[in-house]
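Asks: quick one: sequence plus predicted model below, questions after.
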Amino acid sequence: MKSVVVTGASTGIGEATARVLARRGMRVFGSVRRRDDGARLAQELGERFVPLIFDVTDEAAVASAAGTVNAALDGETLAGLVNNAGIAVPGPLLHLPIADFRKQLEVNLTGQLIATQAFAPLLGADRARRGAPGRIVMMSSIGGRNAAPFMGAYATSKFGLEGFSESLRRELMVHGIDVIIIAPGAIATPIWDKADALDPSAFAHTPYASALALAKQWIANGRKGLPAETIGETVYTALTARKPKFRYTVTPTPLEFFMVRRLPKRTVDRIIAKRLGWPRR
């Protein structure tokens, strides 16, 4: 039975991925921050789910979890690490508290490096292990290549994750460990409930108040996205395909994403400004 570590498995894409991989016959070590979530998933998924209690920003806790997985593998390689844990911090960059910006990067970017360093030896960086090298799946976003207004901190973390993943993929070729990016568009997960935390009145003293009210509606529309299991199935493909792509984009509006990627940036800027009700300059 192949074993995979999935970070941020308590809700959303992480939970759906854990369910899909367990259903596909894999043993999933899923990281959660609350023991209750781990117990719930272990009860629902049975022996194919093993909870790991850690926050990806806690180096000691991640290292301890890696030790637990190491003992369970008994010398065999880990088939995959799915770096999924992440948060979204909305708000205009000029007025975003620096502490919030740091938290965004700490969870979405530094946390991925902490987890990668801890589990890489199990994936095959330790040449003494038995079995083929594993793979790393990085959960990016379409926001990792196209940045929306008022999601600048989140986009910064995902743009950074794209570069991090590319460098890592090239460095890990020496160990035979592949690194694959998955870039979801709108996926129906609880992360969109965070739109309710975007309070336009908190920025009433800025030029962004009315535009933020519109942006809040757009963010909330993410609840109408693809089911999270769609990403779980893509993760399974990335982990098992004989020749996986280096990047999978999964979005309910592929044509719109294609147009945004192909249109000149200044054209996209004007479209966004019009949607936000800003005068043309």
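Replies: The structure has been received and is ready for your questions. Numbering: from 1, shown residues only.
Asks: grab the nearest non-local neighbour of residue 230.
Replies: In space, residue 230 comes closest to residue 250 once its chain neighbours are excluded; the distance is 6.1 Å by C-beta to C-beta, 6 or more residues apart in numbering. Quick note: C-beta positions are derived from backbone N, CA and C, even for glycine.
Asks: got it, and residue 37?
Replies: Per C-beta to C-beta, 6+ apart, closest to residue 37 is residue 10, 3.9 Å.
Asks: repeat for residue 246
Replies: The spatial neighbour of residue 246 that comes closest, neighbours along the chain excluded (C-beta to C-beta, 6+ apart), is residue 180 at 6.3 Å.
Asks: try residue 106
Replies: Excluding the flanking residues, the one nearest residue 106 by C-beta to C-beta, 6+ apart is residue 57, at 5.3 Å.
Asks: where does pLDDT dip in the stretch 151-281 of the chain?
Replies: Scanning the stretch 151-281 of the chain for pLDDT under 70 picks out 189-197, 218-224, 255-256, 258-260, 280-281.
Asks: tell me where it has helices.
Replies: Using DSSP state H, counting those that start in this stretch, the helices of the stretch 151-281 of the chain run over residues 152-171, 209-220, 228-240, 254-262, 265-275.
Asks: quick one: which of those helices is nearest residue 122?
Replies: Nearest of these to residue 122, taken as C-beta to C-beta: helix 228-240 at 14.6 Å.
Asks: now for that closest one, which elements pack on it?
Replies: In this structure, helix 228-240 packs against helix 12-23, strand 80-83, strand 135-139, strand 178-184, strand 187-188, strand 247-250, with contacts taken as 3 or more C-beta pairs under 8 Å, 6 or more residues apart in numbering; DSSP states H and E.
Asks: ok, the closest residue to residue 272 other than its chain neighbours - contacts?
Replies: Spatially, and ignoring its direct neighbours in sequence, residue 272 is nearest to residue 149 (6.3 Å; C-beta to C-beta, 6+ apart). By C-beta atoms under 8 Å, 6 or more residues apart in numbering, residue 149 lies in contact with 92, 211, 215, 272, 276.
Asks: quick check: phi and psi at residue 149.
Replies: Backbone torsions of residue 149, given as degrees, to the nearest 10, read phi -60, psi 150.
Asks: separation between residue 14 and residue 24?
Replies: 16 Å (C-beta to C-beta, to the nearest Å).
Asks: between these two, which one's more packed in?
Replies: The neighbour count for residue 14 versus residue 24, taken as other C-beta atoms under 10 Å, is higher for residue 14 (26 against 17).
Asks: burial check on residue 139, number of neighbours?
Replies: When neighbours are counted by other C-beta under 10 Å, residue 139 registers 26.
Asks: so residue 91 touches residue 198, yeah?
Replies: Yes - using C-beta atoms under 8 Å, residue 91 is in contact with residue 198, at 6.9 Å.
Asks: what residues are shared contacts of these two?
Replies: Jointly contacting residue 91 and residue 198 under the rule C-beta under 8 Å, 6+ apart are residue 150.
Asks: surely residue 51 is within a helix?
Replies: No - counting by DSSP: H, G, I helix; E, B strand; the rest coil, residue 51 falls outside a helix, being strand.
Asks: quick check: nearest residue in space to it, chain neighbours excluded?
Replies: Spatially, and ignoring its direct neighbours in sequence, residue 51 is nearest to residue 38 (2.7 Å; C-beta to C-beta, 6+ apart).
Asks: the one you found should be in a helix, yeah?
Replies: Yes - per three-state DSSP, residue 38 lies within a helix segment.
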